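Asks: Dropping the sequence and predicted coords here.
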Amino acid sequence: MTRGVRGATTVEANSPESILEATKELLAAMLKVNDVDVEYVASAFFTVTPDLNAEFPAIAARDMGWSSVALLCGHEMNKPGALPMTLRVLLHVNTEKAAREIKHVYLRGARVLRPDIETEIR
């Protein structure tokens, strides 16, 4: 079956380097804490806040070898007061895990988006 794995992080600067670095960190953490190999990732949908436009986050996934994964980028809603400089991702993962076993990952400043979730990366 397919499960959704959510993640978010903040990006230090609107530069290709910062966007790619933050994306790689987030994707690696999402796979690690859920014990998922990229071979089981069906697709990834990335959104960024409107203040991030220097690079497509999907390029980071391609750089990590995600050549068979369907990737899509878009802008997050421009909601007044929303957390700026934020990258979000929704992974669709083929797994036998129950929904309650999925660990969503919020890093850096994005931890404020889900204070109920604490990510421990080992």
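Replies: Here it is on my side, so go on.

Asks: From here on, just use CA atoms for contacts and neighbour counts.
Replies: OK.

Asks: Contacts for stretch 10-29, please.
Replies: For stretch 10-29, the surrounding residues in contact (C-alpha atoms under 8 Å, 6 or more residues apart in numbering) are 7-9, 51-57, 59-61, 64, 84-87, 105, 107-110, 121.

Asks: same thing but 6 Å
Replies: With contact meaning C-alpha atoms under 6 Å, 6 or more residues apart in numbering, stretch 10-29 is reached by 52, 54-55, 60, 85-87, 108-110.

Asks: same question, stretch 46-64
Replies: 14-16, 20, 24, 73-76, 85-89.

Asks: Put the buried members of those residues into a PyMOL selection.
Replies: Of the contacts of stretch 46-64, the buried ones can be selected in PyMOL as follows, counting by 16 or more other C-alpha atoms under 10 Å:
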select buried, resi 16+20+24+73+85+86+87+88+89
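
Asks: With pLDDT added, can I get the contacts of stretch 46-64 in a markdown table?
Replies: What follows is the contacts of stretch 46-64, written out as a markdown table (pLDDT from 0 to 100):
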| residue | pLDDT |
| --- | --- |
| 14 | 99 |
| 15 | 99 |
| 16 | 99 |
| 20 | 99 |
| 24 | 99 |
| 73 | 99 |
| 74 | 98 |
| 75 | 97 |
| 76 | 97 |
| 85 | 99 |
| 86 | 99 |
| 87 | 99 |
| 88 | 99 |
| 89 | 99 |
